[in-house]
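Enquirer: with the input below, show me the fold.
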Amino acid sequence: MIKRLSCAVLAVAGLLAAPAGASGWAELPPAAAVASFAADRGDAPLWLRGGTDGAPVRALLAALRQAPLDGFAQGPQLAARVEAALAGADGSEPTGRLQAERLLSSAWVMYVQALHWPGDGLIYADPALVRRIPEPAAILRDLAAAPSLERHVAQVSAVNPIYASLRAALARESDGQVRRTLSANLQRARALPGSGRFVLVDLASQQLWMMEDGRAADGMKVVVGKTEMKTPLIAGTLKAATLNPYWNVPPDLVRRNIAPAAVRNGPSWLEARGYEVLADWSADARPVALDGVDWRAVADGRAEVRVRQKPGPGNMMGAAKFEFAKAQGIYLHDTPDKSLFGSPVRFFSSGCIRLEDAARLGRWLAGRELAAEGDAPEQAVALPQPVPVYVTYLTARVDGGRIAMSPDVYGLDGMGERQLASR
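Expert: Here you go, the predicted structure:
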């Protein structure tokens, strides 16, 4: 993907060096796809059906002029070249109009591909969610199928409502530091869907939103990873809820927290809190005696044991968990400690995401109340439809037309700036 966009940059540079009267479309990376697309249509006009100054053309030129905000620095130069080609096509000479038409399509393909640049630092727990750069033929098919080219250009260039609002704020902003923060957030916001149902977790504001076609249908506070155990930026898919869950304690927490407590207080401390040790890591592993474990060796890192906490009022997973990134060990889950949601700063977890109201999220996901049948542990309840979860980090948002800033607790904004500079 990097190679493709690098070629696009070089091609634009070559285009700008072309003679003043040349359209230069054939030198661009999508040239073959554009030629095939035009031939399949019998070279019927698409962009120029309303003339060289029609609404679709104006919409594309406006998008190209602001494309540096999207990280496509060559957009304005490409727009200037398109304008020159349009000026030459304003008469009745058909070759000039054909060349201008193809240049418009080439410019559109390059811009759309630039918008899909996946350099946002997001981990994809579900490969189906990976943001891929679309092929030129697919971009052109979507363009031709659009009932309104003007609306299609606006919708595609918007990416999603969060992205569009941040970009508009960046276009208005003059303060250098605020602009850098907005640019870093644009890179992360680009990965979010523009439509459909999904769960959005913003680590910077420690909030979760239930998104429906670009708007928040509901939301709640969350507790996220402390600075030394950051919750990763990650995207996965929820397919089921687990009621009465076990808490499978991560080995590093067993070593740092559980084992030292057992050394200080004895195995009875673990038993009183519902902890048990399993013989191994298999699915049917049986519990072993707590007093048969060398807890000092575990605390020192010389031994490792599998510890889990049984369901119950004190279980750290609470009454429900929602797995969307199991391989990475990151969950949305209930919590018995609701007091932390009263704090304005909620970076307290070991990486997982604690929910202010797990039952409310469950109702939105399933369309009904989720209730366990008895006390049996690990009751899986399939959701009617899979729901994507996007965990992002937005230190800048637009609320009511005003920029709302959150502290860069994780120190990620500088990383976003460096990613943009490297493109």
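
Enquirer: check which helix or strand G374 maps to.
Expert: Using DSSP states H and E, G374 sits in no helix or strand.

Enquirer: now it. Its backbone dihedrals?
Expert: Torsion angles at G374 (phi, psi; degrees, to the nearest 10) stand at phi 80, psi -160.

Enquirer: separation between it and A55?
Expert: Per Cβ to Cβ, to the nearest Å, G374 is found 62 Å from A55. Every C-beta, even on glycine, is put in place using the N, C-alpha and C of the backbone.

Enquirer: again with L64
Expert: 15 Å.

Enquirer: repeat for L104
Expert: 13 Å.

Enquirer: can you give the domain ranges for this structure?
Expert: 2-158, 197-244+316-407, 247-309 (automatic domain parsing).

Enquirer: just to revisit the earlier point, between G374 and A55, which one's more packed in?
Expert: A55 (14 against 6; other Cβ atoms under 10 Å).

Enquirer: which ones are touching the more buried one?
Expert: By Cβ atoms under 8 Å, 6 or more residues apart in numbering, the residues touching A55 are 149-150.

Enquirer: how about it, phi and psi?
Expert: According to degrees, to the nearest 10, A55 has phi -60, psi -40.

Enquirer: so who does M229 touch?
Expert: 349-351.

Enquirer: right, I mislabeled it, should have said E135
Expert: Neighbours of E135 in contact, by Cβ under 8 Å, 6+ apart: A33.

Enquirer: also L149?
Expert: By Cβ under 8 Å, 6+ apart, the neighbours of L149 are 46-47, 55-56, 59, 143.

Enquirer: W209: which of those residues is nearest?
Expert: A59 (29.6 Å; Cβ to Cβ).

Enquirer: returning to what we had before: could I have the buried ones of the contacts of L149 as PyMOL selection syntax?
Expert: This is the PyMOL syntax for the buried subset of the contacts of L149, where burial follows 16 or more other Cβ atoms under 10 Å:
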select buried, resi 46+47+56+59+143
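
Enquirer: how about TSV for the contacts of L149, with distance to A33, secondary structure and pLDDT added?
Expert: Shown next, in TSV, are the contacts of L149 (distance: Cβ to Cβ, whole Å; DSSP: H, G, I helix; E, B strand; the rest coil; pLDDT from 0 to 100):
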residue	distance to A33	secondary structure	pLDDT
L46	14	coil	93
W47	16	helix	94
A55	24	helix	95
P56	19	helix	95
A59	21	helix	96
L143	12	helix	96
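
Enquirer: pull the most distant pair out of the contacts of L149.
Expert: Most distant of the contacts of L149, by Cβ to Cβ, are A55 and L143, 14.3 Å apart.

Enquirer: name the nearest residue to S350, ignoring sequence neighbours.
Expert: Closest residue in space to S350, ignoring its immediate chain neighbours: M229 at 4.9 Å, by Cβ to Cβ, 6 or more residues apart in numbering.

Enquirer: shouldn't M211 be within a strand?
Expert: Yes. The assignment for M211 is a strand, going by DSSP: H, G, I helix; E, B strand; the rest coil.

Enquirer: that one contacts G219, correct?
Expert: No. If you go by Cβ atoms under 8 Å, M211 and G219 don't touch, sitting 9.3 Å apart.

Enquirer: so the two - more neighbours on which side?
Expert: Remark: of M211 and G219, M211 carries more neighbours, 25 against 17, as counted by other Cβ under 10 Å.

Enquirer: ok, now which ones touch that one?
Expert: 193, 196-200, 217 are the contacts of M211 under Cβ under 8 Å, 6+ apart.

Enquirer: of those residues, which is the nearest to Y410?
Expert: L200 (16.9 Å).
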